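Asks: quick one: sequence plus predicted model below, questions after.
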Amino acid sequence: MSQMFKWNTDEFSWVDFTIDVLRILIVLAIVVGSWNTLSEGRISFAQWVNLFIAGLSQGSIYALIALGYTLVYGILLMINFAHGEVFMAGAFSTVFLAEALNRTGFLNQQPVLAILLMILFAGLVSMTVAILLERIAYRPLRGSPRLVPLITAIGASFFLQYTFRGLYGSGFKAYPQVKILQGSLQVGSINIPTVQIFVFVSALVLMFGLYWLVERSRIGKAMRAVSENKEVARLMGIDIDWVILFTFGVGGFLAGSAGVINGMFRPQGVNFFMGFIPGIKAFTAAVLGGIGNIPGAMLGGLFLGVIEAIGPNLVLAGLGIPGANQLKDVIAFTMLVLVLIFRPQGILGERLSEKKA
Amino acid sequence: MDISQSGTRQTIITLGLLSGALILFTGAVGMIAAFHEREVVNDFITLGQLVLLITPVIFGYTAANRLGMTGEAPMVVLGGGVIIGLLTTLPTTIMLLFNSDEFRFLLDWSLRLAPFVVATAIAWRMRRQRAETLTVVGSWLLVTALLGIVTFSLALIFEVKGDLRSVLVNINRDWVDVVTFDNRRELLQGILIFSLASVLAGFLGSLCYYLPRTPRRALFYGLSVTLLVGAFGETVRLVLQENLERDTLNQLFRRDTLRQNAALGLLIVSTVVGYLWAAFGDRARHGFQNLGGQERRTTQMIGTALFVALLLMLPWLIGRTLSDVAVTIGLFVLMGLGLNIAIGLAGLLDLGYVTNYAVGAYILAVMTSIGPLGLMKGSFSFWMVIPIALLAAMFAGFIFAVPVLRMRGDYLAIATLGFGEIIGKLAISDWLKPLIGGAQGVQAIPKPIFLGTELKNPEQLYYIVLVACLVTLFVSIRLNNSRTGRQWMAIREDEDVATAMGIDTARAKLLAFTLSAATGGVAGAIFAAKVGSVFPNSFTVFISINVLSLIIVGGIASNPGIVVGAVVLIGLPELLREFSDFRFLLYGALLIMMMINRPQGLIPTKIVSHEIRAGVKAKAAAGD
């Protein structure tokens, strides 16, 4: 990607030219749209802050899923396309636990314990799915050409979706409401829903836990060693297979817990297809932060969440597009494409060589 | 050698449990109960029962093959078959007991004990590998705690919900009926029957190993033909309906299923034919290869002519319902050939192929519709719009290709997937609603008119699709053999080297994307005309995945492979309704299995299969 900025080379390339035109058009659209919206002043400051905070909460869920992509990519240089389905597996399975806890009344008597149990359960379910996926589908393919694992991952993604559809049925299931998460917190003129604080804080705790695991623990050291150089790590006596399995497991655990947090945040329903779109978005977040980079994935997730919340109202509404909030996903996927075009190494990522990118 | 030999034991147990897991899985996702709806032979066996029984046969045979290869005694091999049959029933039996009211306590107790048992087993194993005591105790505690959380949660769920089937929707009465062979009331008796049948099947499977090669193959052909004809009874009947008397048909079929004596007759005939083929087929093939160049060419010409004649006659032979299926298959062949230009020839994994399909369909819809959204109010005909749809799709392909020219491999795949999703969301949005109707779509698309006749039947539309496919096939073969085709091949192999060789990679890639988009547009346009309306829900990522799967399964860059892939992946679910619910489950499983065991596809081209063999080794050596 060294030709990213071709301004200083003599050779004229019309691909670069088109991409530059695209860049200018996008900047123009953003500036004009934002200018229009802000000058009309339809949305108050407090509303912007609310959107921002809602975006942060949604983004922290993306960040948790994105960590799974980044961890696996860091070690295997492979996009685990089925990671969105790992997220779905935990979220979908735990709905039943949440219903059971709700019916016994435990969910509202001891909400902290109940949610902790749900997070652990979902995490373990997703972890199992991720580990099985690695063991059965990906391990036999190590060292094959790069598109082979990707196609396998696409297959695994659909296989998992329809397996869970077969197991739990195709309908939507809703997470029960937790009473203490219903209120909101008043800060000055701004009203923050409690559930958003819960989402943000629990995601932060999990991310901090992961950071500790990778940076401070023995197995984390092994993970970093394997991602640096597999062969040398093997020579140092590290069991590569076990480290890779562990990485998939950790990524799966985070995705599963994200599933429960997501269920609290958006209780309208889970079904077998729920993981697909968040999966692509989380991948976007991972790329945004620099794939393979752990703090990057966290930042990328938060960034994407905020852009998704603010973008439609700021830019699209300003450009006079009706139903701008329907186009939330379009913003996210456009971000994906734009990042891949303009900054494939992400916000924090170091420049990857051509082969890696 | 005896059965307690560890290698032998391991083979048998692994295969047996694998087979058992497969049976339980197919049951739990509802496949067995759904397949039970379809009878293969009237009042004799259903497709669901067939799945139950054929699995131990296959695994028994596989095990016998492996054990026989290592020189085990016949007693061990046959005993292995019996054990595999028994193990096959084990997981399902456990699930049946858990699900029943009388033995519900087994579920409760296993959930209570499982954490301790598993943790102890793991600790025991670690101990034997001489791990330190502290580590062993620590692992025991950790595993017990984690598994305890899971089993406690599961126990809670089942306690509150009351039974298994309120969570696992397909562990229901229908399933119990199938696996116990209609002995839901007498559960133990049902389990006994199931086990006996399975043991017998496993035994027969391993017995097959001792049949001489020719009769074994003959039996295999005979059984496959009979079972396929039985499973596709409805289709076969529809085909025969066009060509047979009603009375003869009724003697062969009872409604849509094969009668028993007809099945027996078919089995005998196909086994005999299979025997002849197994015995003399090789000789015929040798004879063909030994023919002189002239004669060989003549034979091939006759073969091609027959095949073309068959393609032309097809709608008359198979009737309306099946022609409709043929049109759908044809559309996917068209898209497969198009996408193959990007994936197979140039090695660009494009997951947003649905974009072109949608563009073609919407262009045709908006240009020809006589409804409120029609731009031309019917003054444009199908034939005038087809080239426009083609150009529009090419233009869309071009526009979407420019930004991704610098991307490679997996990034390219994800970016194109993103494009597909963007198009889907835009099609359903309020923003474009005045133009393309939002969620309501565009209606009232007239059928194409050819020489004064309205082509409204699938039999007639079939010819449009056929011509489009043949043209695409011709273009794609010519392209593959052209200078551009060789440039694509170079890019597919190594883009850096291709650039170094002076290939304008940007131009070649753009060309690949644009040309590949063209057929997608045509397919979309024909689809819109066929259905008569266009809805955004028809243009999801599933279309792209469908096309991708058929290319991968058939064989990358292989034109016959694409046709076979489309017939198998698109045709089968259309013909077997029971299949269509599990379509993507099976696609997913197929993609994984193909990538692991046969990445070159069912009908690979020579180059690709050579590359796969040579390439994997080279890449592995290079540590890529």
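Replies: Arrived safely, thanks for sending.
Asks: model confidence at residue A:324, what's the number?
Replies: Residue A:324 is assigned 69 on the pLDDT scale.
Asks: residue B:271 too?
Replies: At residue B:271, the pLDDT recorded in the model is 88.
Asks: so what's it closest to, chain neighbours aside?
Replies: Spatial nearest neighbour of residue B:271, chain neighbours left out: residue B:222 (3.0 Å); criterion: CB to CB, 6 or more residues apart in numbering or on different chains. Any C-beta I mention is one placed from the backbone N, CA and C, and that applies to glycine too.
Asks: residue contacts, the one you found?
Replies: Residues near residue B:222 by CB atoms under 8 Å, 6 or more residues apart in numbering or on different chains: B:267-268, B:270-274.
Asks: residue B:585 too?
Replies: A:158-159, A:162-163, A:165-166, B:29, B:31.
Asks: cutoff 10 Å now
Replies: A:158-163, A:165-166, B:25-26, B:29-31, B:579 (CB atoms under 10 Å, 6 or more residues apart in numbering or on different chains).
Asks: secondary structure element for it, which one?
Replies: helix B:583-597 (DSSP states H and E).
Asks: just to revisit the earlier point, name the residues of the helix or strand hosting the residue nearest to residue B:271 that come out as buried.
Replies: Taking DSSP H and E as the criterion, residue B:222 maps to helix B:213-231. Within helix B:213-231, the residues that qualify as buried are B:214, B:217-223, B:225-227, B:229-231, counting by 16 or more other CB atoms under 10 Å in any protein chain shown.
Asks: how about stretch A:131-151?
Replies: A:131, A:133-134, A:137-138, A:141, A:144-151.
Asks: which residue sits closest to residue 106 in space, ignoring its chain neighbours?
Replies: Just going to use chain A. residue A:114 (5.3 Å).
Asks: think we crossed wires, I meant chain B
Replies: Excluding its sequence neighbours, the residue lying closest to residue B:106 (CB to CB, 6+ apart) is residue B:97, at 5.4 Å.
Asks: whichever strand or helix holds the one you found - contacts with which helices or strands?
Replies: According to DSSP H and E, residue B:97 maps onto helix B:74-99. Helix B:74-99 sits against helix B:6-28, helix B:47-69, helix B:104-128, helix B:173-179, helix B:187-208, with contacts defined as 3 or more CB pairs under 10 Å, 6 or more residues apart in numbering or on different chains; DSSP states H and E.
Asks: any residue of the first one touching chain A?
Replies: Yes - against chain A, helix B:6-28 shows contacts by CB under 10 Å from any CB of the partner chain at B:25-28.
Asks: what's next to stretch B:275-292, contact-wise?
Replies: Contacts for stretch B:275-292 (CB under 10 Å, 6+ apart): B:213-222, B:270-271, B:274, B:295-300.
Asks: how about a cut-off of 7 Å?
Replies: B:214-215, B:217-218, B:221, B:296, B:299 (CB atoms under 7 Å, 6 or more residues apart in numbering or on different chains).
Asks: again with stretch A:132-142
Replies: Stretch A:132-142 has contacts (CB under 7 Å, 6+ apart) with A:82, A:148-149, A:152, A:156, A:244-245, A:248, B:592, B:595-596.
Asks: dump the C-alpha coordinates for that stretch into CSV.
Replies: The C-alpha coordinates for stretch A:132-142 follow below in CSV (Å, rounded to 0.1, in the frame of the first residue of the first chain):
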residue,chain,number,x,y,z
LEU,A,132,-15.3,-26.6,17.3
LEU,A,133,-15.1,-24.4,14.3
GLU,A,134,-11.4,-24.1,14.5
ARG,A,135,-10.9,-27.8,15.2
ILE,A,136,-13.1,-29.1,12.5
ALA,A,137,-13.1,-26.6,9.7
TYR,A,138,-10.0,-24.4,9.9
ARG,A,139,-7.3,-26.6,11.3
PRO,A,140,-7.1,-29.0,8.4
LEU,A,141,-6.7,-26.0,6.1
ARG,A,142,-3.7,-24.3,7.7
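Asks: low-scoring stretches of chain B, by residue?
Replies: By pLDDT under 70, the low-scoring segments of chain B are B:1-6, B:374-379, B:611-624.
Asks: strands of the chain, start to end?
Replies: Because you didn't say which chain, this covers chain A. Ranges of strands within chain A are A:184-187, A:190-193, based on DSSP state E.
Asks: oops, I was thinking of chain B
Replies: Under DSSP E, chain B gives strands at B:39-41, B:45-46, B:253-254, B:257-258, B:449-450, B:453-454.
Asks: any chance of the ones you listed in JSON lines, plus distance to residue B:384 and mean neighbour count?
Replies: Below are these laid out as JSON lines (distance: least, CB to CB, whole Å; neighbours: other CB atoms under 10 Å in any protein chain shown):
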{"stretch": "strand B:39-41", "distance to residue B:384": "49", "mean neighbour count": "23"}
{"stretch": "strand B:45-46", "distance to residue B:384": "51", "mean neighbour count": "20"}
{"stretch": "strand B:253-254", "distance to residue B:384": "46", "mean neighbour count": "17"}
{"stretch": "strand B:257-258", "distance to residue B:384": "48", "mean neighbour count": "25"}
{"stretch": "strand B:449-450", "distance to residue B:384": "11", "mean neighbour count": "14"}
{"stretch": "strand B:453-454", "distance to residue B:384": "16", "mean neighbour count": "10"}
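Asks: okay, those strands in a markdown table with distance to residue B:244 next?
Replies: Listed next are these as a markdown table, based on distance: least, CB to CB, whole Å:
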| stretch | distance to residue B:244 |
| --- | --- |
| strand B:39-41 | 19 |
| strand B:45-46 | 24 |
| strand B:253-254 | 10 |
| strand B:257-258 | 14 |
| strand B:449-450 | 31 |
| strand B:453-454 | 29 |
